[in-house]
Structures are given as C-alpha cells and as structure tokens.
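In: Sequence first, predicted model second:
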Amino acid sequence: MSTYRHICFLLLLAAFAATSCVYDFRPQVDGEGGYLIVEGDIVVGDSFDILTSWSSSLVDTTQGDERWQILNTNKMHIEASDGTRYENQFSSGFWSPGGGSPRGHFDLREADPSLQYRLVLENVRGTYVSSWASPMSPGQIDSLSYRISEDRTTMSILVAAHADDTSESYYRWSVEETWEYHADVHAYYKYIEEGGVGQILPMPESESLYYCWTGSRRPEIMTGSTQGLVENRLADHLLYTMTNRDVRLSILYRADVRQMRIPEEAYRYWQVMERNSSDIGGLFSPEPSELRGNVVCVERPEELVLGYVGVMSVATRRLHIKNYEARFYRTPSPILPAPDTLGTDVEWYKAFRSGYLPGDAVFTENGDLIGYEWWPRRCVDCLSKGGTKNRPADWPNNDY
C-alpha cells in the first residue's frame, strides 16, 4: 500500500474526532517522516475545539521527545480580518508521550459573521495557518426523518435542506447521538453494608440502576450537494444507517444534527476522504494534491499537513426515535446466568463481596419470603455498560 493511501485512511480517522469528544489519535503511516494533523472547524456564532496530533511513520526519524516538543509547544489562536484575535481558552496542551492530544477551545459566539477568519498555530517547527474564509449561511434544515427498509433490518436517517440563494450548495453534517438504555434485569432492592453487617432495602426510583444514558458522535463523513439539481434543495438525503440490533434504538434515541454549508473546495476534499473510507488502497486512491487540506506551513509550504479547517456557521435540528413507535429494534436473546436465591445476611455479604447485587424478592406460594435473587452486577447495573445516571435535562418523559 502506498504512502498516500495510508495517509488518506488515517486522515479519515482523524476527521472522526469530535469537537466535544477528544480522542487519542496517534496513527502510524508509511513514509520518511511524520505529519502534523489539525482537526476541527472555526464556527462563528458558537464555541468549538481545534485538535492537533501527530501521525508517526513506520520509518519516522522524529523521536518521541521531538514529537512531544512539537505538540506540547503548539500555541493556537483565531485571527479575524479586522485584527481581532481570539485566544485559546485552554492554558496549555494536554499531550505527553502516552497521553492525549492537545487542543484549543475558542468562543466565537459574539464574532462578526461579515469578517474573514483563520487559524494560526505555532510550534517549534514553525507557523501553520489555515486559509482565510468568511462563514457561509448554513442553509435551513427542513426536516429530519427515518425510513425503515422493507425487510426491517436497517433504518436510514434522512435530512431535507435548502438554501435561500439560487447558487448550488455543498453541505457537511455532523451528528451528536444520545440514547437511553436499560439493564438486563430490573433491580427492585439494594444491599447496604455498614461495619460488616448488611441489609436489603427497597430500591428508591431515584437510585434505580435500570435506566442509563450515554452518547457519542457519529463517525461517518456526511456530505451532500445540490449540484446538477433543478432546485437548490435536498430531499430525503441519506445521512447514515442503523441496524435493528443497534442498542441505541432500543428505548429512545436522539440525534442532534449540525448542518454546515461549505465551499466547493472543501466539499471535494471531504469527498476524497469519504470515498476512501470504502476504498482503502484501491486503484483510484487519491493523488498527493487531493490529500492537501487548507492548512499550510508558512516556512515550508511544501510540507504535507493533514486536515481542513473550515469557517462556517451552523444550523441545528433534533430527531427523536422512540422504539415503541418505530417498533424496529430486535432484542438479541441475552445469555443471562441463573440467579442465586439467597436468604441469609451471611450469604448476602459473600455475594456482594463477589460482585453480585440483589434483584427481586422470592416468595413461597403462601407469600412467605424465601430470599432475594442475586445477579452479577453486569446484569442489574446499567452503569457497568459505560453509561451514566445523568438523565439529560430536556429528555422526554417516560411515556415510552
């Protein structure tokens, strides 16, 4: 596989990093040196992050200490065409060998949309700048919807959008997902231990381990264009697909879609990245000129820098998908262990110390309490699957 095909694949991975979620990105590529990666966009009217990282080469002569110096000396600011300077709100980088990538956080909520903007990044290697640009109107998101395939195995998430001007439009979208999920077993009791003595009490609804929430950013590169269309409008444009086994759709799923109109140059760039997500190393892999974004080293313009820093404003819209309405999700048959019914405080203590939690009470036919079902924590505690108990403040009521 050629140097540039490796680079393209790795830039695709870099593009997946979110402005609200920072990922550790230190890939290896073929070639005689490493490459600076710059990720993120300048969003006029909002706050945002810019990330930097280093793609080390399999034969990279840049030593670890040198890479640390390059990244840890990164100083960023946003420059406006009237001379206004927006400083990085993070006082220092967050990179060290074995650590995460440094980033800048900027607040342009009060910035003038009539001006041009660019990123300026300085480190021990030199000064890097993105191209000047003015934010484009994002257009309007007319609707978000979903469509289920005839065999009910896949769900397509669709967007309809338009711009008021008559010129053709080029779009890029990003999606922040949030979803509710439940534990495999609803625990109605909790175990309390004090000084080696334990007791089982009813589980208050406020402490329930059954309901959890989590989120992520969609990794796809999502672009679209009205080029060649009669109207400057997109109808039911596919953003991404999900399967009927995707746990994100099991209860309630929310997609917060951000829409940006971008220049044709940026659109062509992201098309290359999108194409190579499904054609890594193919016959039509990109030429070096296609890989270049809009970030340039002032001292060495020939240096390859990976990334495209756009200047844009954003339109947003939200989609909720309730499974009780869609009836799309198909629950895989969970392989659950048989619970142990334990009736003494000694048994409870041993089980708790072994990573088990109580679930429901067990009674005789006459209504006498036998004991309580004890399950491995992973079965009754939704937190063990990586989510949190932090219900979003604007989450819909539990009518689903």
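Out: Noted; the coordinates are in hand.
In: For the closest residue to residue 186 other than its chain neighbours, list the residues it contacts.
Out: The spatially closest residue to residue 186, leaving aside those adjacent along the chain, is residue 210, at 4.8 Å (CB to CB, 6 or more residues apart in numbering). Glycine gets a C-beta too; all of them are placed from N, C-alpha and C. Shown in contact with residue 210 (CB atoms under 8 Å, 6 or more residues apart in numbering): 182, 183, 186, 187, 380, 382.
In: Kindly recompute the last result at 7 Å.
Out: 182, 183, 186, 187, 382 (CB atoms under 7 Å, 6 or more residues apart in numbering).
In: Mind telling me what element the residue nearest to the last one when sequence neighbours are not counted is part of?
Out: Yep, that's residue 382 we're talking about. Excluding the flanking residues, the one nearest residue 382 by CB to CB, 6+ apart is residue 212, at 3.5 Å. Take DSSP states H and E as the rule and residue 212 turns out to sit in strand 211-217.
In: same check, this time on residue 346
Out: Per DSSP H and E, residue 346 falls inside helix 345-353.
In: Show me what the helix or strand following that helix is packed up against.
Out: Later in the chain than helix 345-353, the nearest helix or strand by DSSP H and E is strand 356-363. Applying 3 or more CB pairs under 7 Å, 6 or more residues apart in numbering; DSSP states H and E, one finds that strand 356-363 contacts strand 189-194, strand 369-376, helix 377-380.
In: Next, format those as CSV and append distance to residue 308, mean pLDDT and mean neighbour count.
Out: Below are the helices and strands packed on strand 356-363 laid out as CSV (distance: least, CB to CB, whole Å; pLDDT from 0 to 100; neighbours: other CB atoms under 10 Å):
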stretch, distance to residue 308, mean pLDDT, mean neighbour count
strand 189-194, 51, 91, 14
strand 369-376, 47, 96, 19
helix 377-380, 42, 96, 20
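In: Of those, which is nearest residue 122?
Out: Closest approach to residue 122 among the helices and strands packed on strand 356-363 (CB to CB): helix 377-380, 48.0 Å.
In: by contact count, what packs against that closest one?
Out: Taking 3+ CB pairs under 7 Å, 6+ apart as the contact cut, helix 377-380 packs with strand 356-363.
In: circling back: residue 150 is nearest to which of the helices and strands packed on strand 356-363?
Out: helix 377-380 (35.4 Å).
In: who touches that closest one?
Out: 183, 184, 185, 187, 209, 336, 355, 356, 357, 359, 384.
In: which residues does the nearest residue to the first one once chain neighbours are set aside contact?
Out: In space, and not counting its chain neighbours, residue 183 is closest to residue 382: 4.2 Å by CB to CB, 6+ apart. Neighbouring residues of residue 382 by CB under 7 Å, 6+ apart: 181, 182, 183, 209, 210, 211, 212.
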